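Student: starting from these lines, generate the structure:
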Amino acid sequence: MEASRSEISAADESEEVTYVSVKFSQTPPPRAKAPQDKRVPHLQSAVLKGLAIGFGMLSISLAIALIWKMSDCHPHCPQEWVAYRGSCYSISTEKKDWNSSQESCRAQGAHLLVISDTWEMDLFKSIQAESFWIGLRNSTSSGWIWEDGSVLSDAKVHSNSPVQNCAVLMKDQYHASSCEVFARWICEKILR
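Tutor: Numbers count the residues shown, from 1 in each chain. A predicted model of the protein is given here:
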């Protein structure tokens, strides 16, 4: 069945058309700013922490690379020895006389400690609870001579007997001792 034109147009006219009017204001409604304000400093803090960690890791990496590079130029100290300013040092745990101490150092490719500057003296000031043989000996003709042949200058060796011809280091002073006394010793090996 066909509907007549008048029925279709009547049906079209009966539908109501509804329009909705929506108005937008020019300014958005105010939003709470407090959470956003708290996030900004937190974000800045996180960024600063990240940068600090990054620079720290970079610094550590560069230091490790530098140490590896330097180790290519200088041999390492033997195990149990301490490196300081171009030398390796070993402090004995046993006690021997001066000559036996000297032989022990030489057997390890080293010599008894020769203190060449105040930095070296400062290094050993803090570890001394007793006396240690060092590479300093009294020569009747030349005075106190280090194992490397240099003459002791600007320092005094405390002595109370003319038969004390070997020196020990006790705290920050040189003391003369009989070479037959048993004491611990310090070996030094210069890095080349």
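Student: what pairs with the longest strand anywhere in the chain, parallel or antiparallel?
Tutor: The single longest strand within the chain, with elements called by DSSP state E, is strand 131-139. For strand 131-139, the paired strands and their directions (DSSP bridges) are strand 143-146 (antiparallel), strand 166-170 (antiparallel), strand 184-190 (parallel).
Student: residues making contact with it?
Tutor: If you take C-beta atoms under 8 Å, 6 or more residues apart in numbering as the criterion, strand 131-139 is touched by 91-92, 96, 98, 101-102, 111-115, 124, 144-148, 152, 157, 164-170, 174-177, 179, 183-186, 188. Backbone N, C-alpha and C define where each C-beta goes, glycine included.
Student: can you do 6 Å?
Tutor: 98, 101, 111-114, 144-147, 165-170, 183-186 (C-beta atoms under 6 Å, 6 or more residues apart in numbering).
Student: now swap in stretch 181-192 and tell me
Tutor: Outside stretch 181-192, the residues touching it (C-beta under 6 Å, 6+ apart) are 74, 86-92, 95, 101, 105, 110, 113, 131-133, 168.
Student: kindly recompute the last result at 7 Å.
Tutor: By C-beta atoms under 7 Å, 6 or more residues apart in numbering, the list of residues contacting stretch 181-192 from outside reads 74-75, 86-92, 95-97, 101, 105, 108-114, 124, 130-134, 168.
Student: same check, this time on stretch 156-172
Tutor: The contact list for stretch 156-172 (C-beta under 7 Å, 6+ apart) reads 98, 121, 124-125, 128, 131-134, 136-138, 144, 173-179, 183.
Student: care to break the chain down by domain?
Tutor: Residue ranges for the structural domains of the chain, counted by automatic domain parsing, are given in the record as 40-73, 82-190.
Student: any quick ChimeraX command for the buried ones out of the contacts of stretch 156-172?
Tutor: Once 16 or more other C-beta atoms under 10 Å is used to decide burial, the buried members of these can be selected in ChimeraX as follows:
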select :98,124,128,131,132,133,134,136,137,138,144,173,174,175,176,177,179,183
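Student: any low-confidence regions in this structure?
Tutor: For the chain, the stretches with pLDDT under 70 are 1-43, 52-75, 127-129.
Student: so where do the helices sit in it?
Tutor: 5-14, 34-73, 98-107, 118-125 (DSSP state H).
Student: angle of the last one against strand 166-170?
Tutor: Note on geometry: by axes from the mean of the first three to the mean of the last three C-alpha atoms, to 10 degrees, helix 118-125 and strand 166-170 are set 70 degrees apart in direction.
Student: which other helices and strands contact helix 118-125?
Tutor: Counting contacts by 3 or more C-beta pairs under 7 Å, 6 or more residues apart in numbering; DSSP states H and E, helix 118-125 packs against no other helix or strand.
Student: ignoring the adjacent residues along the chain, who's closest to Pro78?
Tutor: Cys88 (6.6 Å; C-beta to C-beta, 6 or more residues apart in numbering).
Student: surely the one you found and Trp81 touch.
Tutor: Yes - here Cys88 lies in contact with Trp81, judged by C-beta atoms under 7 Å, at a distance of 4.3 Å.
Student: good, wrapping up.
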